[in-house]
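>>> Have a look; sequence and predicted model below, questions after that.
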Amino acid sequence: MDTEYYDDIIIGGGKAGKTLAPALVAVGRKTALVERSLTMIGGGCINVACIPTKTMVASAEVVNTVRNCATYGVKTNAPTVDLAAVIQRKQSVVQSARAANLHNLETALGHNLIIGTARFVAPKTIEIATTEGNTRHLTAERLFINTGTRPLIPSVPGLKETGFLTNESIMELEQLPEHLIVLGSGYIGLEFAQMFRRFGSHVTVIGQSGQILSQQDPDMAIAVQTLLERDGIDFLLKSKVLKVDRAGNETILQIQVGDRKMSLHGSHLLVAVGRASTTDTLNLAAAGVTMDANGFIQVNDHLETNIPGIRALGDINGGPQYTHIALDDYRIVKANLIDGGNRHTGDRLIPSCLFIDPELAQVGLTETAARQQGYDIRVAKLDASAIPRARTLGQTDGFLKAIVDAKTDRILGCSLLCHAAGEIISTVQMVMQAQMPYIVLRDGVLTHPTMTEGLNLLFSKL
């Protein structure tokens, strides 16, 4: 079989890969990008993750607003949810984004955008089984692996035989679950739990540990759980699923809860316990690329694998699984390979946001982590109800929390459980990145009345 020669090959067209490809072409590199399916052009974020879920979250927020509109002096009939219409709206948003990404990649790459499944057959050579039924061999000076992740499915007796939903398949339902059981109490599970509860499903969340959101401080996790319970969501924590059965239209879980066993009956089961690597299909042994125990590719702080010329970007390299991290992986590669720079991952300040209502946004260290690392800290807390804008909006749930280094007055971390937290956290992040003291936010002239103005009040608590 003839081998096609390229300067660069990108396997996977997620955020890092799809952004890198045009940049390489622009500087004269002969570049190929391999994506396994036209329906995944643009990567997981726009097709099965961030964009579709947040589109559906928006629908759930509208339902909740209408349901509670009387508190704003507005009277209307109780809302009804047409889940098929919600899904159709989600699909429209996704298809628009996918079409834009396809256009950009076709413009940059032409016929060097290849739809098919790639696997290594030598350190710098891949074999592609194309969707057209052909097999192609490609080799390049440099390769970039950007194949992302897929839902992690635990080994529970009966689970695979009885059928279950993932974050992908649940967004294709057109009939509302009567009782949705969510296995997993992390970001993915909680977003869908609140979403479907607001759509009208009975929802039960099962968590293995005694705390939801295990990476958060206990006070923040408890506050989130309390808000979700007020929405009508049930929680079973310190729980282990022993077996899953299906009888008629019911999914039946046998669960160990503490020292007792119980049965839980539901109409649908969502498995949301994490993400698994996609390296099993890549035949990385042929390339000699090293992986960790969970199958994620090991890289240094320049995103280089143990094989010179092969880099891994985005979720597949085992770092934080956020689209904004994949984008910054692209920036690091571009800086180092195109712009003559020397960027690395070690100095990144990484924000996150849980898109429930109200949102939970976080950047830097939690109080727990700061104490574990030996910092002498000062902690500020503020109820969201103290923010004037929150009161005008009727969005007074939650609280704000900041961790400050007592020796330097610099902000070590911040967690915001409040309306628009995902937007407000960026202001804190900019101050942290500039290494300015917290008084910049305490004394800054911020627009009144806005939610960001709450930062004045928060840091005045120190």
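It's in. Numbering: from 1, shown residues only.
>>> Which strand residues bridge the residue lying closest to residue 223 once chain neighbours are set aside?
Once flanking residues are discounted, residue 223 sits nearest to residue 417: 5.7 Å by Cβ to Cβ, 6 or more residues apart in numbering. Using the backbone N, CA and C atoms, a C-beta is placed for each residue, glycine as well. Judged by DSSP bridges, the bridge partners of residue 417 are residue 360, residue 399.
>>> now do residue 437
As for beta bridges, residue 437 partners with residue 410 under DSSP bridges.
>>> mind checking which helix or strand of the protein has the lowest mean pLDDT?
helix 159-162 (a mean of 94; mean pLDDT, DSSP states H and E).
>>> CA-only coordinates of that one in CSV, if you can.
Extracted in CSV, the C-alpha atoms of helix 159-162 (Å, rounded to 0.1, in the frame of the first residue of the first chain):
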residue,chain,number,x,y,z
LEU,A,159,-25.6,-3.1,33.7
LYS,A,160,-24.7,-3.7,30.1
GLU,A,161,-27.4,-6.3,29.7
THR,A,162,-30.2,-4.1,31.0
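>>> Check which element follows it along the chain.
Sequence order places strand 179-183 as the next helix or strand after helix 159-162, per DSSP states H and E.
>>> Give me the contacts around the helix or strand that that following strand is followed by.
Next helix or strand after strand 179-183 toward the C-terminus (DSSP H and E): helix 187-199. By Cβ atoms under 8 Å, 6 or more residues apart in numbering, the surrounding residues in contact with helix 187-199 are 53, 56-57, 59-61, 63-64, 67, 81, 83, 86, 167, 170, 176-177, 180, 182-183, 203, 205, 212-213, 224, 228, 231-233, 270, 272-273, 354-357.
>>> Then stretch 50-67?
Against stretch 50-67 from outside (Cβ under 8 Å, 6+ apart): 45-46, 76, 78-79, 81, 86-87, 89-91, 93-94, 97, 167, 171, 191-192, 194-196, 198-199, 323, 355, 357.
>>> Any of those residues buried? List them.
Buried members of the contacts of stretch 50-67, counted by 16 or more other Cβ atoms under 10 Å: 45-46, 81, 86-87, 89-90, 93-94, 97, 167, 171, 191-192, 194-196, 198-199, 323, 355, 357.
>>> Could you check how many residues crowd around the closest residue to residue 156 other than its chain neighbours?
Leaving aside its chain neighbours, residue 156 sits nearest to residue 241 (5.2 Å; criterion: Cβ to Cβ, 6+ apart). By other Cβ atoms under 10 Å, 23 other residues sit near residue 241.
>>> Domains in this structure, by residue range?
As given by automatic domain parsing, the domain ranges for the chain are 3-151+276-337, 159-273, 351-459.
>>> Return the residues in contact with residue 165.
By Cβ under 8 Å, 6+ apart, the neighbours of residue 165 are 173, 268, 269, 270, 271.
>>> For the closest residue to residue 373 other than its chain neighbours, give me the backbone phi and psi.
Closest residue to residue 373 apart from its sequence neighbours, by Cβ to Cβ, 6+ apart: residue 365 at 7.1 Å. Note on residue 365: its backbone torsions stand at phi -90, psi 150 [degrees, to the nearest 10].
>>> Test my guess that residue 365 contacts residue 414.
No: with contact defined as Cβ atoms under 8 Å, residue 365 does not reach residue 414; the gap is 9.2 Å.
>>> Overlap of the contact sets of those two?
Contacts common to residue 365 and residue 414, judged by Cβ under 8 Å, 6+ apart, are residue 403.
>>> And those two? Which one has more around it.
A side-by-side neighbour count of residue 365 and residue 414, using other Cβ under 10 Å, places residue 414 first with 31 against 20.
>>> That one belongs to a helix?
No: using DSSP: H, G, I helix; E, B strand; the rest coil, the secondary structure at residue 414 is strand, not a helix.
>>> Show the contacting residues for it.
362, 363, 364, 400, 401, 402, 403, 425, 428, 432.
>>> From residue 371, how far off is the residue nearest to residue 373?
Relative to residue 371, residue 365 is positioned 9 Å away (Cβ to Cβ, to the nearest Å).
>>> pretty sure residue 5 is in a helix, no?
No: counting by three-state DSSP, residue 5 is not part of a helix but strand.
>>> Skipping adjacent residues, who's closest to the residue nearest the centre of the chain in space?
With distances taken as Cα atoms, centre = their mean, residue 322 lies nearest the centre of the chain, 5.0 Å away. Leaving aside its chain neighbours, residue 322 sits nearest to residue 352 (6.4 Å; criterion: Cβ to Cβ, 6+ apart).
>>> Can you tell me who that neighbour pairs with across the strands?
For residue 352, the beta-bridge partners under DSSP bridges are residue 362.
>>> now residue 114
According to DSSP bridges, the residues that bridge with residue 114 are residue 34.
>>> quick one, what contacts it?
Contacts of residue 114 (Cβ under 8 Å, 6+ apart): 32, 33, 34, 35, 128, 130, 136, 138.
>>> Can you report how many residues lie near residue 351?
By the measure other Cβ under 10 Å, the count of residues near residue 351 is 17.
>>> now swap in residue 243 and tell me
For residue 243, the neighbour count with other Cβ under 10 Å is 14.
>>> how about it, phi and psi?
Main-chain dihedrals, residue 243, degrees, to the nearest 10: phi -160, psi 150.
>>> pLDDT score assigned to it?
Predicted confidence (pLDDT) for residue 243: 98.
>>> Okay, and the beta partners of the residue nearest to it when sequence neighbours are not counted?
Take residue 243 and drop its neighbours on the chain: the residue closest to it by Cβ to Cβ, 6+ apart is residue 254, 4.3 Å away. With DSSP bridges applied, residue 254 shows beta-bridge pairing to residue 243, residue 263.
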